[in-house]
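Asks: just the structure for this:
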Amino acid sequence: MTEHTDNNWCLRLGSINVQGDREYGFFKAVAEWGNNVGCFDIIACQETKLQADKTTKFLLFDKNNPSEYQGHWANATINTMGSGVAFLVKTAWNKHIVRKSVHKGRGLSLDFGFHLGRHIRIVNCYVPASHTQEGKEESRELFEWVKKEVEEAKKSGMETVVCGDFNGVVNPALDRSNENRQSTNTENELLEWLVANQFTDSFRRLHPEVRSYSFHDISRLDMIWLSGRLEGVLTGAGMTPLEGDIRSDHKAVFAELDVRTLVTPTPTYILEHYYAFEYKVKVDEASEEQWESFSVRLDEVLDAKMAKGSARTVSMDTNTSPPTDASILKEDMIDYAWSNLAKTIMDVALETLPRKRIGSKSLAYRTNVQNRQRGRCLGELLRLTYFGFVNPNCPIEGKEGRQMAAHEAICKVWLQVITEQADATITAPPDSEADRTVWEQWRDTVKVVWGEQQLVKRK
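Replies: Below is the predicted model of the structure:
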């Protein structure tokens, strides 16, 4: 766990069901643990059971020892079961809050705004566990409120996080410990809506088959869901037990997001200095000499690319064992070949044939997009390698099948990397039967290249 600094914009979000009739003094332990152990920038709390008439000033604890966090509360008017939610937000993030919305002690959302950057909305909710008519009505009202918050954020171009205690799971066969439960049906309306609207369960994104439970050792009720673009900046997710004076039957869940590209984009005044014009080829105006020049130059370039590609294929064949069923891999290789052929033809045509300027596009923008695509490829290699071969907590059951699938996917992404990135110095992946140490060493080399590209992107 790494501590947040204003420079790296790595957001660590934690969600905790504090489970109990607590006084505000209890949050001193939560804040100290969140700061010293969890290194959380924002902590979402559920079931605070605090009354609306109580003051929140005691989060400062005392003037000589102020808290690292500022409190934002949605307290219940009456002490009903599971009432009260809250956010504890560190000062570095608290100064960016531009809006707050509250729903009846069950929901609380905060909007974080950034100059020239994308706004982020974080929604914290507690779905009632009661199956009474009153509980069902409360759940329905909460669902409508969350839905409204998410849809408003989407219309405004914001990214959204929905977290909390959902008192239900997406896949009971995987997210509940009862071995007799084989159902894969989503258990409540809000979770079903999040799945249907392409939200990503941060824990399942990085741990697709791990059995881990946030409520006792029974079920995974606590989750952090991410909207589309946030999935691409997810760097970590998991659960951690609470310590010290924090007594709850829930674990804390967390997600780590590298949001620097969202909140600190390249300023327009910088982009204006880097404009590259786009061209189209004027085929009808090309002379016979120009067509001859185009043909000769294209043959030279294609011969060079074929020689380079053959050397890489031999390197892969001698260092890796291809998957048993390589049909998908072959299809992707054909797609890459056609894409490269089209690009080569167009590059040579622009070099040798008449052309016309048709507009402009920011070179800096284009380079940023290319770097993000590179980062996604290398990041996918890091994720797949960890999931298939490096993760020490990988379940034994079904391990061989997962590793074969992971190795196939790794080979596919590696081919994409070396095809699209001529400067990438990454050797072929190890054999699927190689031990964990070999995979760790290979993953370290990928991480070095990824780090260099991230440095270039930041510059």
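
Asks: which residues of the stretch 251-400 of the chain score low on pLDDT?
Replies: Filtered on pLDDT under 70, the stretch 251-400 of the chain yields the residue ranges 264-278, 308-336, 357-376, 393-397.

Asks: try it again with 50
Replies: Residue ranges of the stretch 251-400 of the chain with pLDDT under 50: 269-276, 313-329, 360-375.

Asks: export stretch 145-160 to PDB, keeping only CA atoms.
Replies: Extracted C-alpha coordinates of stretch 145-160, given in PDB (Å, rounded to 0.1, in the frame of the first residue of the first chain):
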ATOM      1  CA  TRP A 145     -31.800   7.700  -6.100                       C
ATOM      2  CA  VAL A 146     -28.500   5.900  -7.100                       C
ATOM      3  CA  LYS A 147     -29.800   5.500 -10.700                       C
ATOM      4  CA  LYS A 148     -30.600   9.200 -10.900                       C
ATOM      5  CA  GLU A 149     -27.100  10.100  -9.500                       C
ATOM      6  CA  VAL A 150     -25.400   7.800 -12.000                       C
ATOM      7  CA  GLU A 151     -27.400   9.000 -15.000                       C
ATOM      8  CA  GLU A 152     -26.900  12.700 -14.200                       C
ATOM      9  CA  ALA A 153     -23.200  12.100 -13.900                       C
ATOM     10  CA  LYS A 154     -23.100  10.300 -17.200                       C
ATOM     11  CA  LYS A 155     -25.000  13.200 -19.000                       C
ATOM     12  CA  SER A 156     -22.400  15.600 -17.500                       C
ATOM     13  CA  GLY A 157     -19.500  13.600 -18.700                       C
ATOM     14  CA  MET A 158     -18.400  12.500 -15.300                       C
ATOM     15  CA  GLU A 159     -16.900   9.200 -14.200                       C
ATOM     16  CA  THR A 160     -18.800   7.400 -11.400                       C
END
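
Asks: if you average pLDDT over it, what comes out?
Replies: Summarised as a single mean, pLDDT over stretch 145-160 is 93.

Asks: same deal with stretch 115-127?
Replies: Computed over stretch 115-127, the average pLDDT equals 88.

Asks: how far does it sit from its chain's centre?
Replies: Relative to the centre of its chain, stretch 115-127 is centred 15 Å away, using Cα atoms, centre = their mean, to the nearest Å.

Asks: next, the buried residues of it.
Replies: Within stretch 115-127, the residues scored as buried using 16 or more other Cβ atoms under 10 Å are 117, 118, 119, 120, 121, 122, 123, 124, 125, 126, 127. Bear in mind the C-beta positions are built from the backbone N, C-alpha and C, glycine included.

Asks: ok, stretch 148-157 next?
Replies: 149, 150, 153.

Asks: how far does that stretch sit from its chain's centre?
Replies: 19 Å.
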